[in-house]
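**Q** All I have is the shape, not the residue letters:
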């Protein structure tokens, strides 16, 4: 087990007085057998009334409601300590009917997984061409090997870039540009899997590494696929890695554009151009 501390600070400077509408915060990691929240604190200025709930994906979210008073800035700071227990990410067994690709989910699996099997984005010849070799995969090839190959190939074919613009690029556009942010690469991997008949979902969270210790980091994104017998297994095309104990999931969704860490509204002058600053620091506290 190792304990990680995550400090995520979001600051909006409006440059003029505004009134804040409700803001949705997706900042609390997803607890489970492999992740436990040991301590947490959420500080918001100006003060807000928080309402906590779980959405239909079992993500924990908070809705912040503000007083109807003029403000010039908004700061949201989340501090969380998590204990991570998953040290053997490849220690799983896939059920026989899904062990080799191509495979069919059982009827009850397909019913539950339908939202994660439907492509999100429109048809694009680039995706068809990219997937052509995988549609000719020998029948005795293990499904995990196919997924690992796709994950590594996305990493090899596309350059990573920090992209400050909101939203996610359509996968065909990411292929055309030959580069993308972590969320763009995760969305591409997800779409490729779905077009091969493998259920996949988008994950937003954090990843710990040497570069995150000093701050100046950001949230991270990857994808999970559903393998019968193994459950949801994560693949990180940004790092060409199978998701393991350095990844801290916060939120999952069928659609890559649905889960920004902070989202909300404000009213103010028509031509207002607010500034956004995000700082994430992730460092290891201890390891047992």
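**A** Sure thing, it's come through. Keep in mind that what you see is a predicted model, and the values were worked out from it rather than measured.
**Q** CA atoms for contacts and neighbours, from now on please.
**A** OK.
**Q** quick one, strands of the stretch 101-250 of the chain?
**A** 141-142, 159-160, 179-180, 200-207, 220-227, 231-236, 241-242, 247-253 (DSSP state E, counting those that start in this stretch).
**Q** Tell me, how many residues neighbour residue 169?
**A** 19 (other CA atoms under 10 Å).
**Q** can you tell me which residues contact the residue nearest to the spatial centre of the chain?
**A** Nearest to the mean C-alpha position of the chain, by CA atoms, centre = their mean, lies residue 204 at 1.9 Å. Shown in contact with residue 204 (CA atoms under 8 Å, 6 or more residues apart in numbering): 219, 220, 221, 222, 249, 250, 251, 252, 259.
**Q** ok, and the most crowded of those?
**A** residue 222 (33 neighbours).
**Q** list the contacts for the residue lying closest to residue 208 once chain neighbours are set aside?
**A** Among residues not flanking residue 208 along the chain, residue 246 sits closest, at 5.1 Å (CA to CA, 6 or more residues apart in numbering). Counting by CA under 8 Å, 6+ apart, residue 246 makes contact with 207, 208, 209.
**Q** Count the neighbours of the nearest residue to residue 235 once chain neighbours are set aside for me.
**A** Closest residue to residue 235 apart from its sequence neighbours, by CA to CA, 6+ apart: residue 242 at 4.7 Å. By other CA under 10 Å, 20 other residues sit near residue 242.
**Q** Run a quick check on residue 242 versus residue 225, I expect a contact.
**A** No. Under the contact definition of CA atoms under 8 Å, residue 242 does not touch residue 225, with a separation of 11.1 Å.
**Q** Which neighbours do the two have in common?
**A** What both residue 242 and residue 225 touch, as defined by CA under 8 Å, 6+ apart, is the set 234, 235.
**Q** okay, residue 199: pLDDT?
**A** pLDDT for residue 199: 98.
**Q** From residue 258, how far off is it?
**A** 18 Å (CA to CA, to the nearest Å).
**Q** Residue 43 now?
**A** 24 Å.
**Q** Over to residue 202?
**A** From residue 202 to residue 258 the distance is 9 Å (CA to CA).
**Q** With neighbour numbers in mind, choose between these two.
**A** Using other CA under 10 Å as the criterion, residue 202 and residue 258 rank with residue 202 on top: 26 against 13.
**Q** Please name the residues that touch residue 3.
**A** 81, 82, 83, 84, 284, 285, 286, 287.
**Q** For burial, what's the neighbour tally of the fourth one?
**A** I take that to be residue 84. Residue 84: 23 neighbours (other CA under 10 Å).
**Q** Also the last one?
**A** The local packing count at residue 287 equals 10, with neighbours defined by other CA under 10 Å.
**Q** For it, give me its contacts.
**A** 1, 2, 3.
**Q** In strands, which of these fall?
**A** 2, 3 (DSSP state E).
**Q** quick one: which of the contacts of residue 287 is nearest to residue 112?
**A** Closest approach to residue 112 among the contacts of residue 287 (CA to CA): residue 1, at 32.4 Å.
**Q** shouldn't that closest one be in contact with residue 83?
**A** Yes. Because the distance of 6.5 Å satisfies CA under 8 Å, residue 1 is recorded as touching residue 83.
**Q** More neighbours: which of the two?
**A** Ranked by neighbour count (other CA under 10 Å), residue 1 and residue 83 place residue 83 first, with 23 against 14.
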